[in-house]
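A.B. asks: just the structure for this:
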Amino acid sequence: MPKDAPPRWDRRMQQRLARGEAAALGELYDRFASLVHSLAHRVLGDEKAADRITLEVFGYIWENPDAYDPKQGSMRSWVARLTHRQAVNRLRQTEAASLADGGGSREELEQKVRNASAAARADYIVTSMPAPLRAALELAYFQRRDYRQAAADLGVTEDEARRRLRLGLQLLSTANTRPVEGSSPSGYGRAL
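C.D. replies: Numbering: from 1, shown residues only. Below is the predicted model:
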């Protein structure tokens, strides 16, 4: 299989959606709904708004299955990009309405969008990183384990635990390095 070929599941899912298989949408929803909802909630900070974004994203996918371009990445990353874009657009609309009512400045709006975008990206990075890296980070940051304790808990050497933590942190550091509007290739999911 060529290096840039999408995983088999992604290709089959796109073909099934293009044929209009409702079961395919259900399967896609089961697989990615929690990702979509959590990313939308992270950006918007509102449960009902995240619910609406989740419905909108899956509605868009159902109506536009050919919008997914396997050459641009996995279906998971495409769904995350759609979610991110829709949630940021909703945040901008909500904040712009608040701004029009005298509720802040343009700079505050843009800073809020940047912060929400970076937080959502960090969440996505953590949920999509390999399980060994995620486990090491969760032990270090949520359970307050140092690398020695993490190594013991994971059953790996201290050097391996340090390596996993370093790689996980390097991945997380990219969350703040991408601009909001430039976070996806041109034309990739733009219609949403």
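A.B. asks: against Ala151, how distant is Arg162?
C.D. replies: Counting by CB to CB, to the nearest Å, the gap from Arg162 to Ala151 is 8 Å. (Glycine included, C-beta is placed from N, CA and C.)
A.B. asks: ok, the two, which is more surrounded?
C.D. replies: Applying other CB atoms under 10 Å to Arg162 and Ala151 shows that Ala151 carries more neighbours, namely 21 against 16.
A.B. asks: quick check: that one touching Arg163?
C.D. replies: No. Using CB atoms under 8 Å as the test, Ala151 is too far from Arg163 to be in contact (10.3 Å).
A.B. asks: hey, what's in contact with both of the two?
C.D. replies: When contacts are counted by CB atoms under 8 Å, 6 or more residues apart in numbering, the set common to Ala151 and Arg163 is empty.
A.B. asks: spit out the contact partners of the closest residue to Arg164 other than its chain neighbours.
C.D. replies: Of all residues not flanking Arg164 in the chain, Ala136 sits nearest, at 3.8 Å (CB to CB, 6 or more residues apart in numbering). Counting by CB under 8 Å, 6+ apart, Ala136 touches Ala150, Leu154, Ala161, Arg164, Leu165, Gly168.
A.B. asks: got the phi/psi numbers for Glu158?
C.D. replies: Here is the backbone geometry of Glu158 (degrees, to the nearest 10): phi -60, psi -40.
A.B. asks: report how many residues lie close to it.
C.D. replies: Glu158 has 14 nearby residues by other CB under 10 Å.
A.B. asks: C-terminal to the helix or strand hosting Leu35, what's the next element?
C.D. replies: Assigned by DSSP states H and E, Leu35 belongs to helix 22-44. Under the assignment DSSP H and E, the closest C-terminal helix or strand after helix 22-44 is helix 47-63.
A.B. asks: and that next one, what other elements does it pack with?
C.D. replies: helix 22-44, helix 75-100 (3 or more CB pairs under 8 Å, 6 or more residues apart in numbering; DSSP states H and E).
A.B. asks: check which residues of the longest one are buried.
C.D. replies: If I follow you right, that is helix 75-100. 75-76, 78-88, 90-92, 95 (16 or more other CB atoms under 10 Å).
A.B. asks: try the first one
C.D. replies: When neighbours are counted by 16+ other CB under 10 Å, the buried residues of helix 22-44 are found to be 24-25, 28-29, 32, 35-44.
A.B. asks: tell me the phi and psi of the closest residue in space to Leu169 that isn't next to it in sequence?
C.D. replies: Nearest residue to Leu169, sequence neighbours excluded (CB to CB, 6+ apart): Leu137, at 7.5 Å. When quoted as degrees, to the nearest 10, the phi and psi of Leu137 stand at phi -60, psi -40.
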